[in-house]
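Asker: fold the following and give me the result.
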Amino acid sequence: MNSGLEPVETPAAPAGTLEGRVVVLTGAGRGLGLLTTRALLEQGAQVVAGHRSPSEELAQLADKYGDRLRLVAGDVAKEETAVALVAASQQFGRLNVLIHNAAITRDQPLVRMPVEDWEEVHRTNLRGAFLTTKHALRSMMRGRYGRIVYVSSMAATLGNPGQAAYASSKAGLHGLALTVAQEYAAYNVRSVVLAPGILDTGLGATVPPDQLSHMIHNSLVGLGQGQQIADTIAFLVGPAADFINGTVIRADGGMRY
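Answerer: Next up, the predicted model:
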């Protein structure tokens with residue numbers, strides 16, 4: 001039985017699994033987004049990586065993969081960024097996949113939360129998803145095919161003290177994804193939500209030690225690896241996952257009650 005203290009290594013996906021797929025990914029500069037960008041490229045995808053601030057690691061990937069990776073800087077909550085991301089995908093000739101990963105958090109008890117913090121979290125996490133989806137859909141509808149993956153959180157399904165803004169913004173992705181799946185099924189567009197548990201990267205790496213220990217204890221397999229979730233996302237955008245649609249997938253290792 002794994003105590004959660006030792007991470008479990010998972011085998012890498014076969015190279016070339018995503019050959020020919022063009023992917024737009026938001027929040028690609030660091031954390032889970034960076035790991036996902038690398039996983040997609042390793043499996044043969046062509047990637048448009050949206051990011052808000054410069055990232056040395058992302059620049060290194062651009063040097064390594066050349067024309068298969070295009071970087072687009074911008075605020076995901078601004079419509080011109082969504083337009084630029086889709087335009088960059090057209091340089092590859094099409095857009096097959098959108099992954100909305102960009103997210104921020106402003107954690108504190110709700111009664112002390114400034115309205116500005118609440119609005120900024122929803123602006124990035126939910127408005128950003130709406131804008132990128134809106135513009136990506138137009139391209140997918142023309143191509144009669146699309147995959148959209150929304151990266152959510154277990155906070156959206158279980159709640160989490162101090163994360164009212166974050167949890168509610170992520171829960172909004174669930175309603176968005178399920179509606180998109182129904183509205184655009186006729187165009188062969190599929191959408192899915194992935195809700196990870198606590199991870200060793202991204203926002204999970206900023207959780208205070210006491211709270212982190214409690215969250216790890218509640219997971220049956222302990223702290224999750226960002227790389228495992230990145231590989232799961234890569235699977236969900238590939239052809240083997242084409243029949244997975246209109247659902248929320250929990251990736252939390254199982255939870256104690």
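
Asker: ok, now which ones touch residue 188?
Answerer: Applying CB atoms under 8 Å, 6 or more residues apart in numbering, we find residue 188 in contact with 144-146. Every residue, glycine included, has its C-beta placed from N, CA and C.

Asker: by neighbour count, which of those wins?
Answerer: Highest neighbour count within the contacts of residue 188: residue 146, with 24 neighbours (other CB atoms under 10 Å).

Asker: need phi/psi at that one.
Answerer: Note on residue 146: its backbone torsions stand at phi -170, psi 150 [degrees, to the nearest 10].

Asker: what number of residues lie near the closest residue to residue 161 other than its chain neighbours?
Answerer: Distance criterion CB to CB, 6 or more residues apart in numbering; nearest residue to residue 161, sequence neighbours excluded, is residue 109 at 7.6 Å. Using other CB under 10 Å, residue 109 has 10 other residues around it.

Asker: repeat for residue 95
Answerer: So residue 95, with other CB under 10 Å, has 27 neighbours.

Asker: isn't it right next to residue 141, touching?
Answerer: No. At 10.4 Å, residue 95 does not count as touching residue 141 under the criterion of CB atoms under 8 Å.

Asker: buried residues, the helix or strand where residue 230 lies. List them.
Answerer: Using DSSP states H and E, residue 230 sits within helix 226-236. Neighbour counts over helix 226-236 (16 or more other CB atoms under 10 Å) mark 226-236 as buried.

Asker: quick one: those residues as TSV, columns for pLDDT and distance to residue 55 too.
Answerer: As requested, these are exported to TSV (pLDDT from 0 to 100; distance: CB to CB, whole Å):
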residue	pLDDT	distance to residue 55
226	85	15
227	89	17
228	91	21
229	93	19
230	96	15
231	95	20
232	95	22
233	97	18
234	97	19
235	96	24
236	97	23
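
Asker: tell me which of those is nearest to residue 38?
Answerer: Taking CB to CB as the measure, residue 230 is the one of the buried residues of helix 226-236 closest to residue 38, at 7.3 Å.

Asker: nearest residue to the closest one other than its sequence neighbours?
Answerer: Excluding the flanking residues, the one nearest residue 230 by CB to CB, 6+ apart is residue 35, at 3.9 Å.

Asker: tell me the secondary structure at that neighbour.
Answerer: Put simply, residue 35 is helix when judged by DSSP: H, G, I helix; E, B strand; the rest coil.

Asker: pretty sure it contacts residue 225?
Answerer: No. Residue 35 is not in contact with residue 225 according to CB under 8 Å; the separation is 9.1 Å.

Asker: who's more crowded, those two?
Answerer: residue 35 (24 against 17).

Asker: give the contact list for that one.
Answerer: Here residue 35 is in contact with 201, 226-227, 229-230 (CB under 8 Å, 6+ apart).

Asker: now the strands for the stretch 151-257 of the chain?
Answerer: In the stretch 151-257 of the chain, strands defined by DSSP state E, counting those that start in this stretch lie at 189-196, 247-251, listed in chain order.

Asker: next up, phi/psi of the most centrally placed residue in the chain, please.
Answerer: When CA atoms, centre = their mean is applied to the chain, the residue found nearest the centroid is residue 101 (2.8 Å). Note on residue 101: backbone dihedrals following degrees, to the nearest 10 are phi -120, psi -20.
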